[in-house]
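J.: What would the 3D arrangement of this be:
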Amino acid sequence: MKIILSLRRHHYVARVSIFLVMVALIAGMVGCGQPTYNLTIASTAGGNVTIPGEGTFTYNEGMVVDLVAEAEEGYHFVNWTGNVDTIANVNTAATTITMHDRYYITANFVDIYDLTISSTEGGSVTTPGEGTFTYNEGTVVDLVAEAQEGYHFVNWTGDVGNIADVKAAVTNITMNGGYSITANFAQYIPMVAAGPFHTVGLRANGTVVAVGMDYYGQCDVGGWTGIIQLAAGGLHTVGLRANGTVVAVGYNYYGQCDVGGWMDIIQVDAGYFHTVGLKDDGTVVAVGDNEYGQCDVGGWTNIIQVTAGRWHTVGLKNDGTAVAVGRHYEGNCDVGGWTDIIQVTAGLFHTVGLKSDGTLVALGSNYYGQCNVGNWTSIMQVAAGDYHTVGVRSGGTVVAAGWNDDGQCDVGDWTDIIQAAAGLFHTVGLKANGTVVAVGDNEYGQCDVGGW
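T.: Residues are numbered from 1 along each chain as shown. Here you go, the predicted structure:
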């Protein structure tokens, strides 16, 4: 009997043990089906992760965890980086991550900056527009300025340190701070220029017309646009573009038209076989014939205007004094004692300076009386031809002195003139209404400006 009871007890214990082992195995199997993973969250300066927070969190495999990042004032959420393969949208501040492994993620924030854009009269900024715009740090913003008819873009001013090209109407700015910038525009100012045998005119829309001798293509200016100033040399024509570059056509034996690489130019002039350009930093460049040193201007500084005679070059300094190089003939380059000058002009062998009080000084060859200008008053602009001098008075009348065999000095009846140019044997005047008059030699049609 005891043996039977003992066997029964043994079988019961064995069954209970098997049952407990089975329960343990099942529990173990269930546990192995739900692994857990750590999610470590951090953020850069400028914000933080509010849901679920920052630090290390443990989640079951497959769990979808909400993520919410909030930027501080003056910052903007950029993206999530790190182990981001299971993040629903790495570019949104509120998103989710699905836990299939251990993950380390970071919420990234950047500074945001304001860009304030305005423009002067004569145009507008079409891209991105005008007003105040907000951008993430490092954003490259396209800038497009468009001029109205009769105006041209000049430059960008203000906080321009990060603008790619301040002289280009189409450029960009990199936002590494808060900036305020202005697009500047200016009107095209009509003008006339006279070479020995041809005449050129700048229209109020930046295009150019020309008449006269065209043997070397010096009148081939019909395709020019965006021109803000002209100069007529002996057998070539030079145009200054609004962007500070220069174009030239005509006779180029001495390289006087080799101006294609010039930049940052603000004024040009042309001698008989040389061309000079004034840069915006007050220095001067020159190309062409240099037989008499008329191109030796490399050391000039603080220049605000240049003029080219046939074989000499004169520069006006910002203190009202003048410098000159080139062929010295009868004192035409002796300008060292001049003061209070506001404009200079050079002829063949004479040089003329306009003083701030409207009077003139002149030196050099006076064989034809081209320097007899000492009694002129109220002059606002002066031009020197090869052998004659022309002055425009503030009231719009004109005076002239010098060789007059072809009537180039017969300007006494002109009125409403705002600018004049003097060639070899002819004189051209621009009237306030935009029309042009001319007198003198017309062998090559250089005075046929009546239709302009």
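J.: Give me the local confidence score for Gln34.
T.: Predicted confidence (pLDDT) at Gln34: the value is 86.
J.: Please tell me I have it right and it contacts Met63.
T.: No. Proximity of Gln34 to Met63 does not meet the contact threshold set by C-beta atoms under 8 Å, at 9.9 Å. Yep, even glycine has a C-beta here, placed from its N, CA and C like the rest.
J.: Who are the contact partners of the nearest residue to His426 once chain neighbours are set aside?
T.: Leaving aside its chain neighbours, His426 sits nearest to Gly440 (3.1 Å; criterion: C-beta to C-beta, 6 or more residues apart in numbering). Applying C-beta atoms under 8 Å, 6 or more residues apart in numbering, one finds that Gly440 lies in contact with 406-408, 410, 423, 425-427, 447.
J.: quick one: Gly440 and Cys409, what's the gap?
T.: The gap separating Gly440 from Cys409 is 8 Å, by C-beta to C-beta, to the nearest Å.
J.: Would you mind grabbing the residues shared as contacts by these two?
T.: Between them, Gly440 and Cys409 share these contacting residues under C-beta under 8 Å, 6+ apart: Thr427.
J.: partners of Ile87 in the sheet?
T.: Assessed by DSSP bridges, Ile87 has beta-bridge partners Ile97.
J.: burial count for it?
T.: As a burial measure, Ile87 scores 21 neighbours (other C-beta atoms under 10 Å).
J.: unless I'm mixing things up, it is touching Ala94, no?
T.: No. Taking C-beta under 8 Å as the contact criterion, Ile87 and Ala94 are not neighbours in contact, 11.4 Å apart.
J.: farthest pair in the contacts of Gly440?
T.: Taking every pair in the contacts of Gly440 and measuring C-beta to C-beta, the maximum separation is 14.3 Å, between Asp410 and Gly423.
J.: Comparing these two, which shows the higher neighbour count?
T.: Neighbour tally, Asp410 and Gly423, criterion other C-beta under 10 Å: the higher count belongs to Gly423, 26 against 13.
J.: who's in contact with the more buried one?
T.: Under the criterion of C-beta under 8 Å, 6+ apart, the neighbours of Gly423 are 194-199, 232, 385-386, 408, 440, 446.
J.: can you do 6 Å?
T.: By C-beta atoms under 6 Å, 6 or more residues apart in numbering, Gly423 lies in contact with 194-196, 385.
J.: beta partners of the closest residue to it other than its chain neighbours?
T.: Computed as C-beta to C-beta, 6+ apart, the closest residue to Gly423 that is not its neighbour in sequence is Ala194, at 3.6 Å. Here Ala194 sits in beta bridges with Thr199, as judged by DSSP bridges.
J.: Check the burial of the closest residue to Ser43 other than its chain neighbours by counting its neighbours.
T.: Nearest-residue entry for Ser43: Ala107, 4.2 Å, with adjacent residues in sequence omitted and distances by C-beta to C-beta, 6+ apart. By other C-beta under 10 Å, 26 other residues sit near Ala107.
J.: For Val297, see how far away Ala107 is.
T.: According to C-beta to C-beta, Ala107 stands 61 Å off from Val297.
J.: Check Asn155 too.
T.: Noted for Asn155: a distance of 25 Å to Val297, by C-beta to C-beta.
J.: List the contacts of Tyr151.
T.: For Tyr151, the residues meeting the contact criterion (C-beta under 6 Å, 6+ apart) are 122-123, 185, 187.
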